[in-house]
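In: Quick one: sequence plus predicted model below, questions after.
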Amino acid sequence: MFRKIISSPSKSKSRKIISISLHSTNYCYHDPSAPPFSPSKHISPRQKWFQITPTSFKGFNRSFSSGYQLNSTQFRVSNLNRIGFSVSRRGFSSETVRDCINYDVVIIGGGPAGLSAAIRLKQLCRENDVDLSVCVVEKGAEVGAHILSGNVFEPRALNELIPQWRDEETPISVSVSSDKFMLLTEKHAIPLPNPFDNKGNYVISLSQFVRWLGQKAEELGVEVYPGFAAKEILFDENENVIGIATNDMGIGKDGSKKDTFQPGVELKGRINLFAEGCRGALSEKLIKKYNLREKGHGQHQTYALGIKEVWEIDAKKHKPGAVVHTLGWPLDHKTYGGSFLYHMQDNQVSIGLVCALNYHNPYFSPYDEFQKLKGHPAIRPLLENGTVVQYGARTLNEGGFQSIPYPVFPGGAVVGCAAGFLNVPKIKGTHTAMKSGMLAAESAFEVLNKGSNMKNYWESLKKSWIWEELYQARNYRPAFEHGLFTGLAISGLEHYLLKGRAPFTLKHGKPDHEATHEASVSSPIEYPKPDGIVSFDVPTSLYRSNTNHNHDQPPHLRLRDPQIPQIVNLPKYGAPESRYCPARVYEYVADDKGELKLQINAQNCLHCKACDIKDPKQNIEWTVPEGGGGPGYSVM
């Protein structure tokens, strides 16, 4: 490893110290206005560490050691040319180290919450003539690649964040033109009074919208790093969170280092905001470590699985902005959920089924229920002769007000769907996720510039319209614990008469993994074979999700006890993991002796997190694979 000192020919007080390793491609930039540099001390927040390749100075081919490239707004090598660096050789070393990048604020997750927080921080910097370094790390290969949602978008938070958004080229153009709510039976669609108020809302692709937010963040100076998976939380000696580490790249299935091995990177922040989305792996660890749910007097979280396709249909059938929601068939009356069908732009419609994960029957298959849905007489004619553009799945929080954890921990906060701000009766969480990120950003700015406390984020949440919305909607989801029609009656009373002012708060039932009944008391379900016209097998759908993982890497889906599938899940619950996963990651295959063994096809994983939630014994742990792996959504 060659280490070099690159210095400006100007006076020594403006000297820039840079360390470059041609072997492990380390790069360190030291701002002369920062405190004196000492390798043995904690690096100043004013210092920024990057990874570049030796060719970066030539073709501006910017990349971290993982090989994932950074674009010009993330790392501007051209800035080096403006200060006239000269180069000299300084020494040689062969040891491998994990590089460290220091920021004022590190944000984990490039979704609506994380990017809104980043944008708001930079807005505050401009308003107050302050310079804070802000980084967003995103595990998807690009911003938006892992984003999936319905999505009828309520622009309330966006109006606050970027008031002039309508004057820009945003991917928000199709306003809601009609709104219907129906109860499905196997053959009929019965109109119901519509509880939704979507006037002024828009039908959008959330992955496209998040991509646009990423561009806005970069324009403000946020460094956005897609393709980097946050693997580990970093703590100091006092158990304060000081950042995260991305996972190592180039590790084989057997744990050995391949020729392409590169160590992960440490991203350290004075404030760290976790915006990983529903059931975020690191967020869940923080919630447990600091007892945040108990501290916030919250119940357990309850979840649903959403499965979605985007179709291109006949232009004669297309009605831009038309919105349809349903309850009932194909779900039974004890299983909460429903479907959505939204007419987007360009003759596209998004159709999906949302199933609560506290369903009882282990033979229930959300994927196959979705295939049945598309055959309904009120839906099939719309899709026939159409083409599926994309497929995907993702879990969503449904605990609402009762399940909100205390979101602040030493060193940062949990924001967005990682904390669970979805408004269930609205079927919307983007606007609340964005607002929570904005509030966390405002609190972080006060901490870094005025010495206040991140506890202000909790107080500002309770004073915000997020709190008001979720409180008014708090009894809707738990009402359906008693079945479809009881739930409709209670939620109708709440919506039309009490309007959220009930003198009681209903509680959720058992955690989703405990709700599964044993196979011996459950009835097997036979699903029709896919017809290849409106219903499809899993491999066909997976191809449309653009899911890809490097096969030769350690499995990111881990069994805490490898014996549980054979001694519990298979004999007692009828192998439910082979059904609740919408990507057929879990499969029981016969070994040489004819005995069924669990095979995990991790390369199929859509990162939906259903397995982490629904496994009866909580034996499956979802962890991040190599950065950039997973689905590649573009219009979801």
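Out: Sure, I can see it. Numbers count the residues shown, from 1 in each chain.
In: Which of the helices or strands spans the most centrally placed residue in the chain?
Out: For the chain, the residue nearest the mean C-alpha position is residue 277 (3.4 Å; C-alpha atoms, centre = their mean). For residue 277, there is no host helix or strand (DSSP states H and E).
In: Find the nearest non-adjacent residue to it, please.
Out: residue 417 (4.9 Å; C-beta to C-beta, 6 or more residues apart in numbering). Heads up, the C-betas are built off the backbone N, CA and C, glycines and all.
In: wait, the one you found sits on residue 429?
Out: Yes. The pair residue 417 and residue 429 passes the contact test of C-beta atoms under 8 Å, sitting 5.8 Å apart.
In: shared neighbours, these two?
Out: Taking C-beta atoms under 8 Å, 6 or more residues apart in numbering as the criterion, residue 417 and residue 429 both touch 396, 397.
In: Validate this expectation: the residue nearest to residue 277 resides in a strand.
Out: No. Assignment of residue 417 by DSSP: H, G, I helix; E, B strand; the rest coil gives helix, placing it outside any strand.
In: residue contacts, it?
Out: Residue 417 is in contact with 111, 113, 277, 278, 396, 397, 429, 433, counting by C-beta under 8 Å, 6+ apart.
In: In strands, which of those residues appear?
Out: 396, 397 (DSSP state E).
In: Looking at the contacts of residue 417, which is nearest residue 228?
Out: Here the nearest of these to residue 228, counting by C-beta to C-beta, is residue 111; it sits at 14.7 Å.
In: In this model residue 278 seems to touch the closest one, though I could be wrong.
Out: No. The criterion here is C-beta under 8 Å, and residue 111 misses it with residue 278 at 9.9 Å.
In: which one of the two has more residues nearby?
Out: Taking neighbours as other C-beta atoms under 10 Å, residue 111 and residue 278 compare with residue 111 leading, 34 against 26.
In: Skip the chain neighbours and tell me the closest residue to that one.
Out: The spatially closest residue to residue 111, leaving aside those adjacent along the chain, is residue 277, at 5.5 Å (C-beta to C-beta, 6+ apart).
In: and the one you found, what does it touch?
Out: 109, 111, 146, 394, 416, 417, 418.
In: try residue 208
Out: 144, 171, 634, 635 are the contacts of residue 208 under C-beta under 8 Å, 6+ apart.
In: Swap in 6 Å and give it another go.
Out: Taking C-beta atoms under 6 Å, 6 or more residues apart in numbering as the criterion, residue 208 is in contact with residue 171.
In: So it: helix, strand or coil?
Out: helix.
In: what does residue 300 give?
Out: coil.
In: Quick check: which element contains residue 353?
Out: Assigned by DSSP H and E, residue 353 falls within strand 348-356.
In: for residue 582, same thing?
Out: Per DSSP H and E, there is no helix or strand for residue 582.
In: In stretch 445-462, which of the residues would be classed as buried?
Out: 445, 446, 447, 448, 454, 456, 457, 458, 460, 461 (16 or more other C-beta atoms under 10 Å).
In: Serialize those to CSV and add fields for pLDDT.
Out: Output for the buried residues of stretch 445-462, formatted as CSV (pLDDT from 0 to 100):
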residue, pLDDT
445, 98
446, 97
447, 97
448, 97
454, 97
456, 97
457, 98
458, 98
460, 98
461, 98
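In: which of those lies closest to residue 321?
Out: Closest to residue 321, out of all of the buried residues of stretch 445-462 and judged by C-beta to C-beta, is residue 461, at 32.2 Å.
In: what about that closest one, which SS state?
Out: Under three-state DSSP, residue 461 falls in the helix class.
In: what's the longest helix in this protein?
Out: Secondary structure assigned by DSSP state H gives helix 430-450 as the longest helix of the chain.
In: and that one, what other elements does it pack with?
Out: helix 112-128, helix 156-161, helix 455-462 (3 or more C-beta pairs under 6 Å, 6 or more residues apart in numbering; DSSP states H and E).
In: quick one on the thing from earlier: derive a PyMOL selection command for the buried subset of the contacts of residue 277.
Out: Restricted to buried positions by 16+ other C-beta under 10 Å, the PyMOL selection for those reads:
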select buried, resi 109+111+146+394+416+417+418
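In: now the contacts of residue 277 in CSV, with distance to residue 564?
Out: Formatted as CSV, these follow (distance: C-beta to C-beta, whole Å):
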residue, distance to residue 564
109, 30
111, 32
146, 28
394, 25
416, 32
417, 28
418, 27
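In: of the contacts of residue 277, closest to residue 230?
Out: Ranked by distance to residue 230 (C-beta to C-beta), those are led by residue 109 at 8.1 Å.
In: burial of the closest residue to that closest one other than its chain neighbours, as a residue count?
Out: Spatially, and ignoring its direct neighbours in sequence, residue 109 is nearest to residue 275 (3.7 Å; C-beta to C-beta, 6+ apart). By the criterion of other C-beta under 10 Å, residue 275 has 31 neighbours.
In: again with residue 344
Out: Residue 344 has 24 nearby residues by other C-beta under 10 Å.
In: my guess is it meets residue 203, correct?
Out: Yes. Between residue 344 and residue 203 there is a contact under C-beta atoms under 6 Å: 5.4 Å.
In: and residue 163, backbone torsions?
Out: Note on residue 163: its backbone torsions stand at phi -60, psi -30 [degrees, to the nearest 10].
In: and it, how many neighbours does it have?
Out: For residue 163, the neighbour count with other C-beta under 10 Å is 9.
In: if we can go back for a sec, next, the residue nearest to the centre of the chain: phi, psi?
Out: phi 90, psi -180.
In: which one is residue 453 nearest to, not counting chain neighbours?
Out: residue 447 (6.6 Å).
In: mind listing what residue 385 touches?
Out: residue 314.
In: and what of the one 4 residues further on?
Out: When contacts are counted by C-beta under 6 Å, 6+ apart, residue 389 touches 310, 312.
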